[in-house]
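1. Sequence unavailable; structure follows:
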């Protein structure tokens, strides 16, 4: 089966692009936006509407496969590709990519995915958002060609078993760190709340006291609202390197603070994502490694999650090989081709590091559904609920797609 027609359309993503550097250095909220000027190249404001590009591949049997090009909320930060705006990339797609898609066979997924993921135009690889969307559409096209789910395609081409069990879900609150937690508890999310701890003064505290109180509140709230006493979600909180900021990047002080959070979180297990941001990959690996090793020596159950500077498949392999963390976030849009998400999860699992198939609130319903199929095939430890920051919408998209797919797989087995 071949591609007969290629179309593109610009759309919105599930959240916004935010200038992370401006926010971390003190930009103030002004309603839903931020006061001040952006500092990251490409931004015209500290907060901009998230955008996407849909790739539509019409096959010779009349079916149309869809993939969405999307980029993370904090584009241009932590070594990532620059801001993704459709008006910059639609002409490029039509001129350079469409001729390579037209007439292409979609009977297999991996050869097509690897071709476009490594493709160079004028000596440069495609923006990660483009690779992300193109390979989603190609995966969907192969599933349509074989009348299968995308999960089945991935399992067949990667020689993976089909497992008829859901993947644990991790939900994010955005700035609504209290009401959204109540919703998560009522819907029995496996891990929560992310928390968006990206400001020292308003969310962390100059001594970390605001985060400590928030964790204690989480523990109390779960106990108050859960209907089943056996419901004990994992706590997973992203602090965006702010611990390094308040402790002047003194890793011993960061470690001691993290170890102390275990008592605040008990009886829940606690993961802290991005405790420090050292500004470059080698220093980030060294710093996380020192923190992780010190926590291990202390016998602390608190677990460190790598995020910043761990963007591509090769980055994830470096962080994993260094054993510098307990868990790696596989931030799906940053990897480009969706096949590399599967490869990243497998690499982590095979080398004894926990894999968190993440992503961003700034994705779309299409990218979230594709990621469900990748997770069901590759089996990460947890998967992010996305898109958006409202929780309910992303939960509907991800959870329901997972349950529908598992029902189909079970019926076929």
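-> Noted; the coordinates are in hand. Owing to the predicted nature of the structure, the values given are computational and were not obtained by experimental measurement.

2. Name the helix or strand for residue 213, please.
-> Here residue 213, judged by DSSP states H and E, is contained in helix 209-225.

3. Show me what that helix is packed against.
-> Packing contacts for helix 209-225, counted by 3 or more CB pairs under 8 Å, 6 or more residues apart in numbering; DSSP states H and E, involve helix 179-186, strand 234-238, helix 251-265. (C-beta placed from N, C-alpha, C; glycine too.)

4. Highest mean neighbour count out of these?
-> Stretch with highest mean neighbour count among these: strand 234-238 (a mean of 23; mean count of other CB atoms under 10 Å).

5. Can you check what angle separates that one from helix 209-225?
-> Orientation check (axes from the mean of the first three to the mean of the last three CA atoms, to 10 degrees): strand 234-238 against helix 209-225 gives 150 degrees.

6. how close does the residue at minimal distance from the centre of the chain sit to residue 194?
-> What sits nearest the mean C-alpha location of the chain, by CA atoms, centre = their mean, is residue 359, with 1.5 Å. Residue 359 sits 12 Å away from residue 194, going by CB to CB, to the nearest Å.

7. cool, and residue 399?
-> 16 Å.

8. Which residues are in contact with residue 303?
-> Counting by CB atoms under 8 Å, 6 or more residues apart in numbering, residue 303 touches 269, 270, 271, 272, 326, 327, 354.

9. now these: which count as buried?
-> Buried members of the contacts of residue 303, counted by 16 or more other CB atoms under 10 Å: 269, 270, 271, 272, 326, 327, 354.

10. Strands of the stretch 1-150 of the chain, residue ranges please.
-> 3-18, 29-30, 33-34, 47-59, 64-69, 120-121, 124-125 (DSSP state E, counting those that start in this stretch).

11. Redo those as CSV? Include mean pLDDT.
-> Converted to CSV, the strands of the stretch 1-150 of the chain look like this (pLDDT from 0 to 100):
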stretch, mean pLDDT
strand 3-18, 96
strand 29-30, 84
strand 33-34, 88
strand 47-59, 96
strand 64-69, 98
strand 120-121, 96
strand 124-125, 94
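
12. Nearest to residue 205, out of those?
-> Closest of the strands of the stretch 1-150 of the chain to residue 205 is strand 29-30, at 17.1 Å (criterion: CB to CB).

13. what does the closest one rub up against?
-> residue 35.

14. quick one: buried residues of stretch 21-31?
-> Here stretch 21-31 shows 21, 22, 23, 24, 27 as buried, counting by 16+ other CB under 10 Å.

15. Same check on stretch 72-90?
-> In stretch 72-90, the ones that count as buried by 16+ other CB under 10 Å are 72-86, 89.

16. now, which of these sits nearest residue 164?
-> Taking the buried residues of stretch 72-90 together and measuring to residue 164 by CB to CB, the closest member is residue 72, at 31.3 Å.
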